[in-house]
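Sequence plus the predicted model coming up.
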Amino acid sequence: MAKWSKKYGYKVDSDWEESLRLGIFKDLEYHPIKLPYTVSHHYHPDWLLKKDSKIIFVEAKGVFRLAAEAAKYVHFAKTLETEYEELVFIFMKPHAEIFFKAKRKDGTIMTHAQWADKNKFRWYDEDTIHELIGSK
């Protein structure tokens, strides 16, 4: 985590880097570029539904226990070919609050359904999932 150097008026990552910056690397640009990288993970959907030439990954969620758990679905969705693939959720309690979310100014906390809507995921509950799978 960068810190502000009061002595030199710029951000540094550590006192040691600052001494290198002022010494042996004084003629080199500090933090010259930003390089992206990815970490490979694997996702195992709960179910796979083939419908209308589309593959639909169905994820059943009681509750999100960790922010990282919710984030993995957002990251996974970015890898999908949206014309042919989709991730949808079936929530046990779609209107249950996500406990790790902060309170909003109005005092409410984001629900699982609101999270799905915000992240552009279709979602269902046990009563409405039949709309997706076509059976009752």
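That came through fine.

only C-alpha atoms for contact and neighbour calcs from this point on.
Noted.

Domains in the chain, by residue range?
The chain breaks down by automatic domain parsing into domains covering 1-37, 47-133.

what ranges do the helices span in the protein?
For the chain, helices defined by DSSP state H occupy the ranges 15-22, 67-77, 112-118, 130-133.

Surely L49 and E59 touch.
No: with contact defined as C-alpha atoms under 8 Å, L49 and E59 do not form a contacting pair (10.9 Å).

When the two are compared, which one has more neighbours?
Between L49 and E59, E59 has the larger neighbour count (other C-alpha atoms under 10 Å), namely 17 against 14.

OK, contacts around the more buried one?
Taking C-alpha atoms under 8 Å, 6 or more residues apart in numbering as the definition of contact, the neighbours of E59 are P45, D46, W47, L87, V88, F89, I90.

10 Å - rerun?
Contacts for E59 (C-alpha atoms under 10 Å, 6 or more residues apart in numbering) come out as H44, P45, D46, W47, L48, Y73, L87, V88, F89, I90, F91, W123.

Please determine how far the residue nearest the centre of the chain is located from K26.
If you average the C-alpha coordinates of the chain and look for the closest C-alpha using C-alpha atoms, centre = their mean, you land on A71, 2.5 Å from that point. Per C-alpha to C-alpha, to the nearest Å, A71 is found 40 Å from K26.
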